[in-house]
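Trainee: Just a sequence and a predicted model for now, questions to come.
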Amino acid sequence: GVSQDAQRGHDIHDENIVVLDFGSQYTQLIARRVRELGVFCEILPFDVELSVIAERGPRGVVLSGGPESVTAAETPRAPDGVFDLGVPVLGICYGMQTMAGQLGGTVEGSDEREFGHARVDVTEDCSILDGLSDAREDAAPALDVWMSHGDRVAALPSGFRVVGTSANAPIAAMADEHRHFYGVQFHPEVTHTRQGQAILRRFVREICHCEGLWTAANIVEDAIAQVRAQVGEGRVILGLSGGVDSSVVAALLHRAIGEQLTCVFVDNGLLRLHEGDAVMEAFAQATSNSFNLNIVRVDAEHEFMNALAGVDEPERKRKIIGEKFVEVFEREANRIEGARFLAQGTIYPDVIESAASKFGKAHVIKSHHNVGGLPERMALELVEPLRELFKDEVRRIGLELGLPAELIHRHPFPGPGLGVRILGEVNKEY
């Protein structure tokens, strides 16, 4: 069933919001909240070239919080052109301060740091806060919010009005309705701000005019189309671990390309009791659900046990298990005729580059997903259908694809399995 949006030729990425990351611990949460509102959202480092933002064609931009002080000399700034793109901009915490500073207002350090619960009185009408209140009905509107700041905006840039004030931040929210620029000193993305999601909805859905095309059903449909376009008639191999990510990739690829997919399940003997059978059962042809996967189960327990004999140092065990997995997987994969692609369960947090690139805070992208350089060694092209998705979205599309809920919501388990949960030498009795 192709949805109407797809028939009309809408790409579900067309309506999107860009979050510029200034290094806040909450930046990924902002993006997740926007996506929960049905709108695609990408995180880019704050010092990205303006052209990169412009080519995304965002409906709106959010400036995240961050640990820096706007009042210091060399502070992170948004690309100046962001304010000339003609789209709404929402500044959160540090994002509000840099917006104020860059548009001609002033920011000052405050003697009082404000951290934790606070109350913001809504002092004037504005489209982003109108009608939202945690106060009693007969009382003036006020919001219960979460603050985390030392600096504060001291003087507004021209065109702005004060629309909210708190005990420690006389300018706790500001608005320029003409240009659709808004700043809030608190964090709407955390649940402690009770109206936070309503504020984000107001910005994303109403002020930025996004309809909400980013739904589990549309994401599945989009991913299937992309996989078919990439793979064509080719054969794909997937290492199936029984974890959430690889299981969802398996279900998705199976729906997209059916028999062209072969899953290799390496049972290393280090899984939880009966786990190997459960994984096979969830996907095996014998079960009543609709996944007729080509699945090869490799019983490699003795190989892993032999390799681990006498080893008790955890990092060494981890390394041995990783190398042995690559060896076994490669051996099996080479038996599959004509395989050209390797599928992996890379997800969005693995590919996000952190904000503060020039400020030396860039997070290292995790290496463990690119299993031991497998694609290069095997000359296979990577297929990564989940690389735009957060973990909660992966679970949602797993359910959409009909995977059993107990598989989707199971307790995460590390790749090396009981090999690292057992202290000391690993042997079968444990």
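Mentor: That came in fine, so what should we check first? Numbering: from 1, shown residues only.
Trainee: And stretch 94-110, how far out from the chain middle?
Mentor: Its chain's C-alpha centre and that of stretch 94-110 lie 28 Å apart, by CA atoms, centre = their mean, to the nearest Å.
Trainee: which parts of it are buried?
Mentor: For stretch 94-110, the buried set under the neighbour-count rule, 16 or more other CB atoms under 10 Å, comprises 94, 95, 96, 97, 98, 99, 100, 101, 102, 103, 105, 107. (C-beta placed from N, C-alpha, C; glycine too.)
Trainee: how much space between the closest residue to residue 155 other than its chain neighbours and residue 152?
Mentor: Of all residues not flanking residue 155 in the chain, residue 106 sits nearest, at 4.3 Å (CB to CB, 6 or more residues apart in numbering). Per CB to CB, to the nearest Å, residue 106 is found 10 Å from residue 152.
Trainee: residues in contact with the closest residue to residue 24 other than its chain neighbours?
Mentor: With CB to CB, 6+ apart as the criterion, residue 24 has its nearest non-adjacent residue at 3.5 Å, and that residue is residue 65. Residues in contact with residue 65 (CB atoms under 8 Å, 6 or more residues apart in numbering) are 22, 24, 26, 27, 92, 93, 94, 95, 148, 187.
Trainee: what's the burial count for the closest residue in space to the last one that isn't next to it in sequence?
Mentor: In this structure, residue 187 finds its nearest non-sequential neighbour in residue 146, 4.9 Å apart by CB to CB, 6+ apart. Residue crowding around residue 146 was assessed by other CB atoms under 10 Å; the count is 20.
Trainee: Also residue 238?
Mentor: Residue 238, neighbours per other CB under 10 Å, totals 26.
Trainee: Let's test this: mean pLDDT of the helix or strand harbouring it, rounded?
Mentor: Under the criterion of DSSP states H and E, residue 238 resides in strand 235-239. Mean pLDDT, strand 235-239: 93.
Trainee: Can you dump the C-alpha atoms of stretch 337-354 in CSV for me?
Mentor: Extracted in CSV, the C-alpha atoms of stretch 337-354 (Å, rounded to 0.1, in the frame of the first residue of the first chain):
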residue,chain,number,x,y,z
GLU,A,337,27.1,-16.8,-4.5
GLY,A,338,27.1,-13.4,-6.1
ALA,A,339,26.7,-11.3,-2.9
ARG,A,340,27.5,-7.7,-3.6
PHE,A,341,26.1,-5.9,-0.6
LEU,A,342,26.6,-6.1,3.2
ALA,A,343,23.8,-4.7,5.3
GLN,A,344,24.4,-3.2,8.7
GLY,A,345,22.3,-1.8,11.5
THR,A,346,24.0,1.6,11.7
ILE,A,347,21.7,4.1,13.4
TYR,A,348,21.6,7.9,13.5
PRO,A,349,23.5,8.5,16.7
ASP,A,350,26.4,6.5,15.2
VAL,A,351,26.7,9.0,12.3
ILE,A,352,26.1,12.3,14.0
GLU,A,353,29.1,14.5,14.3
SER,A,354,29.1,16.5,17.4
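Trainee: what's the average pLDDT for that stretch?
Mentor: On average, stretch 337-354 scores 84.
Trainee: Pull out the buried positions in that stretch.
Mentor: Using 16+ other CB under 10 Å as the test for burial, stretch 337-354 gives 339-348, 350, 352, 354.
Trainee: Of the buried residues of stretch 94-110, which is the nearest to residue 263?
Mentor: Distance to residue 263 across those (CB to CB) is lowest for residue 95, with 43.5 Å.
Trainee: beta partners of the residue nearest to that closest one when sequence neighbours are not counted?
Mentor: In this structure, residue 95 finds its nearest non-sequential neighbour in residue 63, 2.8 Å apart by CB to CB, 6+ apart. Counting by DSSP bridges, residue 63 is bridged to residue 20, residue 91.
Trainee: Residue 63 touches residue 89, doesn't it?
Mentor: Yes. Applying CB atoms under 8 Å, one finds residue 63 in contact with residue 89, separated by 6.7 Å.
Trainee: got any residues that touch both of the two?
Mentor: Residues touching both residue 63 and residue 89 (CB under 8 Å, 6+ apart): 82, 99.
Trainee: Comparing these two, which residue is more hemmed in?
Mentor: Higher neighbour count among residue 63 and residue 89: residue 63, with 29 against 26, using other CB under 10 Å.
Trainee: Return the residues in contact with that one.
Mentor: Here residue 63 is in contact with 20, 22, 46, 78, 82, 89-92, 94-96, 98-99 (CB under 8 Å, 6+ apart).
Trainee: Tell me the spacing between it and residue 172.
Mentor: 16 Å.
Trainee: Please apply the same query to residue 326.
Mentor: Taking CB to CB, one finds residue 326 at 54 Å from residue 172.
Trainee: Could you check which of these two is surrounded by more residues?
Mentor: Just comparing residue 326 and residue 172: by other CB under 10 Å the higher neighbour count belongs to residue 172, 30 against 18.
Trainee: ok so, going back, just the buried residues of stretch 94-110: which are in strands?
Mentor: Among the buried residues of stretch 94-110, DSSP state E puts residue 107 in strands.
Trainee: would a markdown table of the buried residues of stretch 94-110 with pLDDT and distance to residue 35 be doable?
Mentor: Converted to a markdown table, the buried residues of stretch 94-110 look like this (pLDDT from 0 to 100; distance: CB to CB, whole Å):
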| residue | pLDDT | distance to residue 35 |
| --- | --- | --- |
| 94 | 93 | 22 |
| 95 | 95 | 19 |
| 96 | 96 | 22 |
| 97 | 94 | 26 |
| 98 | 94 | 24 |
| 99 | 97 | 23 |
| 100 | 96 | 28 |
| 101 | 94 | 29 |
| 102 | 95 | 27 |
| 103 | 97 | 28 |
| 105 | 96 | 31 |
| 107 | 92 | 30 |
